[in-house]
Structure formats: C-alpha cells, structure tokens
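S.K.: please find the sequence and the predicted model below.
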Amino acid sequence: MQSKLVGVLCIAVLCIILTLGLQPFHSPRNNIAWLRSVNGLSYGRNGTIQGSDVLRPENGVSGSFEVWVQPDRWTNATILAFYEPEIHRLIRLQQSVSDLKLEAEVQRDGSQATKASLYVRDAFGPSLREKEPIFITVTYNPDRARVYLDGVLAEDSARFRMPQGGFSGRIVVGDAPWQPDNFRGQIRGLAAYDAELTDAQVARHYLTWTKKGHPDITEKERNIALYLFDEGAGTVIHNRAAAGVDLYIPETYNVVDKMALEPFWQEFNVSWSYWKAALVNVVGFIPLGFVFYVYFRVARPIRRSILVTLAVGAATSLTIEVLQAFLPTRDSGTTDLITNTLGTYLGVLCYRDVYSIVTKRFPGLRWFLEPRTGGKVTEAVPEQNWKSPPRWTS
C-alpha cells in the first residue's frame, strides 16, 4: 500500500514540475495595443514588433538612432534590437532596472562572442518615478559612442565601439532575439540615421518630435527609418522615410531565432531577477529529489539510489529545457540544468539529514519515511552500511 502511495506521489510531483516548467503550452496572443490619446503602442506581457526585412545602412561606420519610450516598471528588458543571424550579430538597447544599457555582441565563424557594453546610470529613474516618456538618442563613429537623454548628452564613451556595419540587421522592438526579454510600457517613436547626428541636431529632433509629433529632418541627416506610430490601428507601422523597412505586429507572440540550451556562461548576470530565477529552480526540484529518493531507497530499494535520483532530476530538467526551446515565452538554457540538479540533491539531503527532526516533531510520519520497520526506527540507516536492500513490510 505504502509503495503504491510513494509511486503516486512521484508521478504527481513530476507532473506538477513539468506543468510549471512548460506552461503555457502554446504561443500566447501578442500583447500590443494602440494608444488612444497619443501616437504610440502599449506593450503588455509577451509583446513584440518585428521588421519586415533587413535594415542596411550604406555607411555602417557612423550612424544614429532614436527611440521615444516610457517603461512602466523597474525591470530588465530589451527596448530595441538590431539582429543579423548570419554572423551572430546583435546590437540592443536595454532597460536594466533604472539604468540604460547599450550592448553589442558579435560572433564570427563559430569563435567566442565578443561583447561591449555602455551604461547610463539611473537613465530611467525620472521617467519611472514621474510616469513620463524619455527620448533616447544614440550616436556613434569609429572612435566613440554617445547617448543623449531628452536632447542632452548623458554619456560619452570612447570605450564602447560599435561593430562594423553599425545597426544593420533585422529590427526587433520591445523584445530580443534568441530568448524572450519583454519590455513593458509604451513606445512612442523610432528613427534611424545613416550619419552621426550633432548635438544641435539631436536637440532639434527632441524638441520638434515631442512638440509636433514628428522630427524636423534635413536631407544631410540621411534618415533611413522613421516610425511615428501614428497609424492608430492595424498591424503595420509604416516607415515614413523615403525608402525602408516597415514594422509589423505579429498576431501571436514569437521570438526571433529562438535558442535551445543557451550556455550558462552566456546566461549569467548579476541582476536580482537572475538570482531569483535560480533560487526558484533550486527550490522547485527539492520535492522531486525527496519523493524519488524515498521511492528508490525504501519503496523499491536499489543500490546507488542517490545517483539514480539525481539522474531522474537531471533528465527531467533536460526534458523541460529542450521542450522550452519550442515555447516562445520560456527561456531554454543550461543554467537550469545545474540549479534543478542541485535542488534534486537538496531533496535527497532533506530525507537523509532532516529525517530525525521531522519524525520527532511529527511521529506519525515515521510509517511513511521508514515503513520497512513499522515506524520504529528513529534514525535513518546510512546507505553505505546496508548489506542488502531493505524491503517494505506488510
């Protein structure tokens, strides 16, 4: 009777973990809505806008792009990304809680990816506190990159070098390729230029766009993409420049070139959300380690029950991560393999080391934890001292 009960508990715990790890089991609706009182789009949970084609500036050595944005929470998210899959090349503008992060990542011919980052501290702080949009401009040349906030220079860095080709690639607005990184808030406008804007031009664009609803652009500024988000309805955001790439709103949420089993060294970061997710993954697999160790040690005793339990935990985690590669709202990475297996081992330790504490406080649980002795055992028998596997007594 007890053996069947433990088996049922193992199946129940396994089903719960698989459900939590894989839900939702479908691609959700793309949560994008047009703003009513002003031009722009509102991003809810699971929202993305993507370019209909590849944006290719002729210059590639120097350039600029602008985005008018209003985040609605303190979080980590990608606001804008330019992505070229052929050479594993990604330029993206991110919200890092209250900071602004500009990141460039390039990998060629299977070599180690090179990354460069530029931070503007507390760039989103006033916007988040006052619930007001912020106008961000990024300009670059071969020697440096500059970031402007509301038309005023906020960061001038000679350390950050934009990769060759600049921001060429497929545009993703409010999300990232490879893994979901959803932005939550409003996007009011977006523009790209095949030239480095001057301080005066940046200030003029900010004033005219925020006052008139569109920037005053001259021919010398080589505008190649201008999205005013003034359509008010539909699934297409038209490029108002002379020629260029339109943006479209997919009906369902999806991630461009979804990645499977992202290496843990690429996933690692020091943000609170990363460590919170790691802790959840550890704690979530403790029940699995506990019940399967009880099953393999007592209900259906086998040798090396610890290793077998850890193998079950690792196999379950691997199954979830592989299937998550086909689910747009879930991250598929190898960090979870490590944290889930650690949680499984902690579940084993809960049985081996916490056994005596639990049974002293709740004596009625002894029939479940050590039923092979009729509940008379007060201490767990070390596995290495067994001469033969114990059996359940009827």
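M.R.: Cool, the structure landed.

S.K.: longest helix anywhere in this structure?
M.R.: Secondary structure of the chain per DSSP state H: the longest helix is helix 335-361.

S.K.: can you point out the buried residues in the helix or strand where residue 19 lies?
M.R.: For residue 19, the element it lies in under DSSP states H and E is helix 2-22. Neighbour counts over helix 2-22 (16 or more other Cβ atoms under 10 Å) mark 2, 6, 9-10, 13-14, 17, 21 as buried. The C-beta positions use only the backbone N, C-alpha and C, and glycine is treated the same way.

S.K.: what residues does it touch?
M.R.: Helix 2-22 is contacted by residues 284-285, 287-288, 291-292, 294-295, 298-300, 316, 319-320, 323-324, 327, 330, 367-368, 371, 392 when judged by Cβ atoms under 8 Å, 6 or more residues apart in numbering.

S.K.: where do the helices sit along this protein?
M.R.: Under DSSP H, the chain gives helices at 2-22, 125-130, 199-212, 264-267, 272-284, 286-294, 305-324, 335-361, 366-369.

S.K.: what is the mean pLDDT for the third one?
M.R.: Model confidence over helix 199-212 averages 96 on the pLDDT scale.

S.K.: which outside residues touch it?
M.R.: 64, 66, 68, 135, 137, 139, 148, 150-153, 189, 191, 197, 214-217, 221.

S.K.: need the buried ones from these selected in PyMOL.
M.R.: Burial among the contacts of helix 199-212 is assessed by 16+ other Cβ under 10 Å; the matching PyMOL selection reads:
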select buried, resi 64+66+68+135+137+139+148+150+151+189+191+197+214+215+217+221
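
S.K.: so where is the stretch 101-250 of the chain shaky, pLDDT-wise?
M.R.: Within the stretch 101-250 of the chain, the segments meeting pLDDT under 70 span 108-112, 243.

S.K.: ok, back up a step: next, the angle from the longest helix of the chain to helix 2-22.
M.R.: Following axes from the mean of the first three to the mean of the last three Cα atoms, to 10 degrees, one obtains 140 degrees for the angle between helix 335-361 and helix 2-22.

S.K.: use 806 as the first number from now on
M.R.: Happy to do that; since the first residue is 806 now, the last one works out to helix 1140-1166.

S.K.: show me which residues of helix 1140-1166 are buried.
M.R.: Buried-residue list, helix 1140-1166, by 16+ other Cβ under 10 Å: 1140-1153, 1155-1156, 1160, 1164.

S.K.: how far off centre is it?
M.R.: 28 Å (Cα atoms, centre = their mean, to the nearest Å).

S.K.: remind me what that helix packs against, helices and strands.
M.R.: Packing contacts for helix 1140-1166, counted by 3 or more Cβ pairs under 8 Å, 6 or more residues apart in numbering; DSSP states H and E, involve helix 1069-1072, helix 1077-1089, helix 1091-1099, helix 1110-1129, helix 1171-1174.

S.K.: CA atoms of the longest one as CSV?
M.R.: Okay, so that is helix 1110-1129. Extracted C-alpha coordinates of helix 1110-1129, given in CSV (Å, rounded to 0.1, in the frame of the first residue of the first chain):
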residue,chain,number,x,y,z
SER,A,1110,19.7,5.3,-5.1
ILE,A,1111,21.2,8.8,-4.7
LEU,A,1112,22.8,8.7,-8.2
VAL,A,1113,19.6,7.3,-9.7
THR,A,1114,17.6,10.1,-8.1
LEU,A,1115,20.0,12.7,-9.4
ALA,A,1116,19.7,11.2,-12.8
VAL,A,1117,15.9,11.4,-12.7
GLY,A,1118,16.2,15.1,-11.7
ALA,A,1119,18.7,15.9,-14.4
ALA,A,1120,16.7,14.0,-17.1
THR,A,1121,13.5,15.9,-16.1
SER,A,1122,15.3,19.2,-16.2
LEU,A,1123,16.8,18.4,-19.7
THR,A,1124,13.4,17.4,-21.0
ILE,A,1125,11.9,20.7,-19.8
GLU,A,1126,14.8,22.8,-21.3
VAL,A,1127,14.6,21.0,-24.7
LEU,A,1128,10.8,21.5,-24.9
GLN,A,1129,11.1,25.1,-23.8
